[in-house]
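Please find the sequence and the predicted model below.
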Amino acid sequence: MKILVPIKRVVDYNVKIRVKSDNSGIDIANVKMSINPFDEIAIEEAVRLKEAGKASEIIAVTIGPEKSQEQIRTAMAIGADRGILVKTNAPIDLGGVEPLAVAKTLKAIADKENPDLIIMGKQSIDDDSNQTGQMLAALLGWAQGTFASELEINDGSLQVTREIDGGLETLELKTPAIITTDLRLNDPRYAKLPDIMKAKKKPLEIIEPSDLGVDYTPRLEIVSVNEPPTRSAGIKVESVDALIDTLKNEAKVI
């Protein structure tokens, strides 16, 4: 089984986001970048499947600038066998390469690589669109299991437990299929130094969007990006009666 794992270069989740002074977007100058956390879960799941003898090859793919090779090398240090970078100087965050363009790019790569399974994060932490996996499934005409918290592979079929409002839902899917990962699917491992050194020798293919026939021209325009308003301080009341009166007449929540 061949597994394709799309990953995204994002601002590290430990970094406090800064908005540009002209409110045109997020300031990423001199900011630590890393693999989107949901995509790390996808890589980990693919590697576990390979370690269990249920996968033969893992391909990590990303869209972004030259520096995105760092994230692919990290994925290969975790266990991916090779990488593909679709090189573009277009922004990959808000107002940049949009989910539909990403889905079209991944479809073109899937048509070329013929994977049996695509495992990807349910969303990226920069724009939180939660659209790419579903769009890709529609473009390919493949079965999909979103928000997966558990994955089992049997002969030619997948059993996916997914989190829904109020409980869990279990699906059985035929391959090829697309899985989007939730936080509770696994705990990603840290790459060890020997694996990091080995990853430098693994093959990494760099291609252009034009090679895939995909246009990255944005369909949406970001008007303004602003930080959330500062939360006002709370107040103290002297009694339960005063609290009820405040909630009713000032906050108007009861």
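Structure's in. What do you need? Computed from a predicted structure; not experimentally measured.

I'd say residue 33 and residue 64 touch.
No - counting by C-beta atoms under 8 Å, residue 33 stays clear of residue 64, with 9.3 Å between them. The C-beta positions use only the backbone N, C-alpha and C, and glycine is treated the same way.

what is in contact with the two at once?
With contacts taken as C-beta atoms under 8 Å, 6 or more residues apart in numbering, residue 33 and residue 64 have 9, 71 as neighbours in common.

thought residue 2 was touching residue 50?
No - at 10.4 Å, residue 2 and residue 50 do not qualify as touching, with contact defined as C-beta under 8 Å.

Break down the stretch 151-254 of the chain into its strands, ranges please.
All strands of the stretch 151-254 of the chain, identified by DSSP state E, counting those that start in this stretch, fall at 157-164, 167-174, 177-181, 204-207.

deepest of the ones you listed, which one?
Most buried of those, by mean neighbour count (mean count of other C-beta atoms under 10 Å): strand 177-181, with a mean of 26.

Take that strand, keep the C-alpha atoms, and write them as PDB.
Only the C-alpha atoms of strand 177-181 are listed here, as PDB (Å, rounded to 0.1, in the frame of the first residue of the first chain):
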ATOM      1  CA  ALA A 177      -9.700   6.600   0.300                       C
ATOM      2  CA  ILE A 178      -8.900   9.900   2.000                       C
ATOM      3  CA  ILE A 179      -8.600  10.200   5.800                       C
ATOM      4  CA  THR A 180      -8.400  13.400   7.700                       C
ATOM      5  CA  THR A 181      -6.900  13.200  11.200                       C
END
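
That strand pairs with which strands?
strand 117-121 (parallel), strand 143-154 (parallel) (DSSP bridges).

Dump these to CSV, plus mean neighbour count and mean pLDDT.
Below are these laid out as CSV (neighbours: other C-beta atoms under 10 Å; pLDDT from 0 to 100):
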stretch, mean neighbour count, mean pLDDT
strand 117-121, 27, 96
strand 143-154, 18, 93
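
Compile those into JSON lines and extend it with columns for distance to residue 205.
Formatted as JSON lines, these follow (distance: least, C-beta to C-beta, whole Å):
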{"stretch": "strand 117-121", "distance to residue 205": "17"}
{"stretch": "strand 143-154", "distance to residue 205": "26"}
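
Which of the ones you listed sits closest to residue 220?
Residue 220 sits nearest to strand 117-121 of all the strands paired with strand 177-181, at 21.1 Å, using C-beta to C-beta.

now that closest one against strand 167-174, angle please.
150 degrees (axes from the mean of the first three to the mean of the last three C-alpha atoms, to 10 degrees).

Run the angle between strand 117-121 and strand 157-164 for me.
20 degrees.

Many thanks, we can stop here.
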